[in-house]
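J.: here are the coordinates; sequence isn't available:
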């Protein structure tokens with residue numbers, strides 16, 4: 001029965017990710033949070049487990065996305081290689097920072113982040129790209145990657161909502177920015193998931209979990225999300241992009257309000 005629940009979560013998360021063209025982290029985290037609470041897990045670590053497990057599932061979905069973008073030749077591999085060291089270090093450290101934060105603090109931070117992303121989606125119909133802008137030095141890119149990695153691990157996401165705007169700001173066109181961001185999601189997910197495993201080993205052991213990563217949830221969500229993401233993508237092509245963006249912003253607004261409320265109360 002529990003595995004069935006995880007399969008259903010994966011189906012919903014995958015469909016949502018395919019429909020809206022983004023990773024499923026911000027939809028997986030709140031659902032896992034509620035499911036883990038209902039299963040009677042310690043409330044003080046439920047949020048951490050939702051984040052760690054979310055990052056683990058992103059490893060699978062990012063490989064699928066990366067493969068598709070690579071076939072189209074859209075990934076800027078040199079940019080990826082410049083960002084990757086910072087992404088790995090940052091994501092691992094981000095897991096450590098999340099481990100130090102109390103549940104209410106994490107909920108408040110994630111809630112505010114979801115509201116910020118929703119506001120930005122409502123506000124900008126199209127991303128403005130400065131064609132005269134260029135990417136900074138390799139050292140600066142490593143630093144940017146570290147910042148993106150830290151934030152992504154704390155939010156339990158693959159970093160697309162942070163990496164894409166960063167690349168756009170420095171003159172990278174949307175197609176290449178999205179493709180390169182998909183590649184960046186893999187080192188973030190691997191390092192972040194390993195970090196949540198490492199820093200969570202001292203917690204009260206939970207059957208089926210390694211640190212803050214729930215293995216059964218990871219398997220169930222990964223399998224179904226890999227399948228339903230393609231269905232969501234097909235439906236997306238039949239709907240208005242502007243309407244999709246507004247719908248996803250509305251969903252994020254609800255997620256943000258929920259976690260901000262939980263963070264305060």
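T.: The structure has been received and is ready for your questions. Everything quoted here is computed from the prediction, not taken from an experiment. Residues are numbered from 1 along each chain as shown.
J.: What ranges in the stretch 151-265 of the chain fall below the confidence cut-off?
T.: Along the stretch 151-265 of the chain, the model assigns pLDDT under 70 to residues 237, 241.
J.: could you redo the last one with a cut-off of 80?
T.: Applying pLDDT under 80 to the stretch 151-265 of the chain flags residues 174, 203-205, 229-230, 232-245, 248, 265.
J.: Likewise for the stretch 1-150 of the chain?
T.: In the stretch 1-150 of the chain (pLDDT under 80), the answer is 1, 16-24, 64-65, 68, 121-133.
J.: where do the helices sit along it?
T.: 2-20, 25-38, 43-71, 77-100, 103-123, 138-155 (DSSP state H, counting those that start in this stretch).
J.: Of all those, which one comes closest to residue 216?
T.: The closest of the helices of the stretch 1-150 of the chain to residue 216 is helix 2-20. By C-beta to C-beta, the value is 6.1 Å. In this view, the C-beta of every residue, glycine as well, is placed from N, C-alpha and C.
J.: Show me what the closest one is packed against.
T.: With contacts taken as 3 or more C-beta pairs under 8 Å, 6 or more residues apart in numbering; DSSP states H and E, helix 2-20 sits against helix 25-38, helix 43-71, helix 215-236, helix 241-264.
J.: Out of the ones you listed, which is closest to residue 192?
T.: So among these, helix 43-71 is nearest, using C-beta to C-beta, at 4.0 Å.
J.: show me the contacts for residue 133.
T.: Neighbour list for residue 133: 169, 170, 171 [criterion: C-beta atoms under 8 Å, 6 or more residues apart in numbering].
J.: Next step: those restricted to helices.
T.: residue 169 (DSSP state H).
J.: looking at the helices and strands packed on helix 2-20, which is closest to residue 184?
T.: Of all these, it is helix 43-71 that lies closest to residue 184, at 8.5 Å by C-beta to C-beta.
J.: distance between the closest one and the chain's centre?
T.: Relative to its chain's centre, helix 43-71 lies at 6 Å (C-alpha atoms, centre = their mean, to the nearest Å).
J.: Stretch 117-124 now?
T.: Relative to its chain's centre, stretch 117-124 lies at 17 Å (C-alpha atoms, centre = their mean).
J.: Tell me which residues are up against that stretch.
T.: With C-beta under 8 Å, 6+ apart as the criterion, stretch 117-124 contacts 26, 161, 245, 246, 248, 249, 250, 252, 253, 256.
J.: Also stretch 8-16?
T.: By C-beta under 8 Å, 6+ apart, stretch 8-16 touches 24, 27-28, 31-32, 35, 57, 61, 217, 220-229, 231-232, 235, 251.
J.: Show me which positions of that stretch end up buried.
T.: 9, 10, 11, 12, 13, 14, 15, 16 (16 or more other C-beta atoms under 10 Å).
J.: next one: stretch 113-122
T.: 113, 114, 115, 117, 118, 121.
J.: Would you format these as a markdown table with distance to residue 155 included?
T.: What follows is the buried residues of stretch 113-122, written out as a markdown table (distance: C-beta to C-beta, whole Å):
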| residue | distance to residue 155 |
| --- | --- |
| 113 | 5 |
| 114 | 8 |
| 115 | 12 |
| 117 | 9 |
| 118 | 14 |
| 121 | 16 |
